[in-house]
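J.: Return atomic coordinates for the entry below.
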Amino acid sequence: MKKGMETATRGFPLLWMLSSYGDLITGFRRRRREAASLAGRLPHLEADPPVPDYRTIFRWIEELCSTPHRRPGTPEGHQGEQYVASQLEESGVEDVQLEPIPMKVWEARRWSLRIEKQGQMMDVPCYRVTNTAFTPSEGVSAPLIYVGRGMLPASLWRRDARGKIVVAEVLFPTLPVGLILKALGGGYYLSDPEEIITPGSRMKLIFVRPNFMGQFLDLDLEGMRVPLQEMRLPWDVYWNAVKSGARGVVLILTNMVGDSCTHCGPYDACLKPIPAVWVGKDGGHLVREAARRGDKATLVLGLHLSQPLCGGLSYEDPPTPRSEKDHRHTP
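T.: Residues are numbered from 1 along each chain as shown. Okay, here's the model as predicted:
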């Protein structure tokens, strides 16, 4: 009975995701009909409300995106908050307030990946994976092991990833946006006067990582309380690496636009137990071949030293190193 309940609990996040995405895709027409019925009951305005032109809107976007990111609680996030508040005040909105929200703020200040080959050290451009564990100042050194996409836990166990740095591929899916919009009659609303979008138009979803979706939080979903550890998707390469006893993870942005290694996903609030970095396509070639040879690498993910932000907590020291057993069971 207990085993059956555990199986049902593990399957719930996937069923919930499929149900949510299914409702999102199939609910376009229903919600458009609801919006049209509401529009007919809106009060009549004597004059058209002022609407900014596209140049103004584009300027707002450029100014808001002038920082590398806007993660909540960071100086860049506060800058974005202040910008929005000032624009609202300039538009005549009264009593604009910035309300503090307690939170834990993770921020790395240094990161690196060095590969050792025949006594020679080679630096590979990389970028930190948000909310992963900090390393000691000297970093974590271990042999590399290549696992492909690493979506099956057995693939890491067979390769014996314990005590090693896992190297895995992360591919962004491509959405046939032209066909979808045509099938859905334009979605919620579509403005394409120049008919740029065709049935063959596609869009690379650089915010979706099928094998590293991130950690769902411990939430009460539709009356079922799902423990945090059960909200991990079974094909998540990072958590499969954690379960296998790996010491770190290197994720290759295999089909990233350009050769950038900068990526801020996954967009979750879960603090993760082992360090990880992203590498771009060119760096990925070097790391992939080094992992296939079993070369040794050193991964560094350094702490930050700052005051608490947003009235919450920030890290003042790197996490205390855990034993291999603790790594495998830490939520």
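
J.: In three-state terms, label the residue positioned nearest the centre of the chain for me.
T.: Geometric centre of the chain, nearest residue: Pro266, 1.5 Å, by CA atoms, centre = their mean. With DSSP: H, G, I helix; E, B strand; the rest coil as the basis, Pro266 sits in coil.

J.: Contacts only, for the closest residue to it other than its chain neighbours.
T.: The spatially closest residue to Pro266, leaving aside those adjacent along the chain, is Gly214, at 2.8 Å (CB to CB, 6 or more residues apart in numbering). Just so you know, the C-beta spots here come from the backbone N, C-alpha and C atoms, and that holds for glycine as well. Listed by CB atoms under 8 Å, 6 or more residues apart in numbering, the contact set of Gly214 reads 265-268, 270.

J.: TSV for those, including distance to Ile206?
T.: Below are the contacts of Gly214 laid out as TSV (distance: CB to CB, whole Å):
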residue	distance to Ile206
Gly265	9
Pro266	12
Tyr267	12
Asp268	17
Cys270	21
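
J.: Give me the PyMOL select line for those, limited to the buried ones.
T.: The PyMOL selection below is limited to those of those classed as buried (16 or more other CB atoms under 10 Å):
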select buried, resi 265+266+270
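
J.: Nearest to Arg288 among the contacts of Gly214?
T.: Closest approach between those and Arg288, by CB to CB: Gly265, at 20.5 Å.

J.: Correct me if wrong: that closest one contacts Phe212.
T.: Yes: with contact defined as CB atoms under 8 Å, Gly265 counts as touching Phe212 (7.5 Å).

J.: what's the distance between the residue nearest to the centre of the chain and Leu152?
T.: Using CB to CB, to the nearest Å, Pro266 is found at 19 Å from Leu152.

J.: ok, the residue of the chain positioned farthest from its centre to Thr130 distance?
T.: The outermost residue of the chain relative to its centre, with distances by CA atoms, centre = their mean, is Glu46 at 45.7 Å. Using CB to CB, Glu46 is found at 49 Å from Thr130.

J.: Also Leu38?
T.: 39 Å.

J.: between these two, which one's more packed in?
T.: Between Leu38 and Thr130, counting by other CB atoms under 10 Å, Thr130 is the more crowded of the two (23 against 9).

J.: The residue lying closest to that one once chain neighbours are set aside - how many residues pack around it?
T.: Nearest-residue entry for Thr130: Cys264, 6.0 Å, with adjacent residues in sequence omitted and distances by CB to CB, 6+ apart. By other CB under 10 Å, 15 other residues sit near Cys264.

J.: thinking Cys264 is in contact with Val129, fair?
T.: No: between Cys264 and Val129 no contact is recorded; they are 9.1 Å apart, counting by CB under 8 Å.

J.: Which pLDDT does the model give the closest residue in space to Cys261 that isn't next to it in sequence?
T.: Once flanking residues are discounted, Cys261 sits nearest to Gly280: 3.8 Å by CB to CB, 6+ apart. Gly280 carries a pLDDT value of 93.

J.: what's the answer for the one 4 residues further on, then?
T.: Per-residue confidence (pLDDT) for Gly284: 93.

J.: Just list the residues touching it, thanks.
T.: 169, 252-254.

J.: go with 7 Å
T.: 252, 254 (CB atoms under 7 Å, 6 or more residues apart in numbering).
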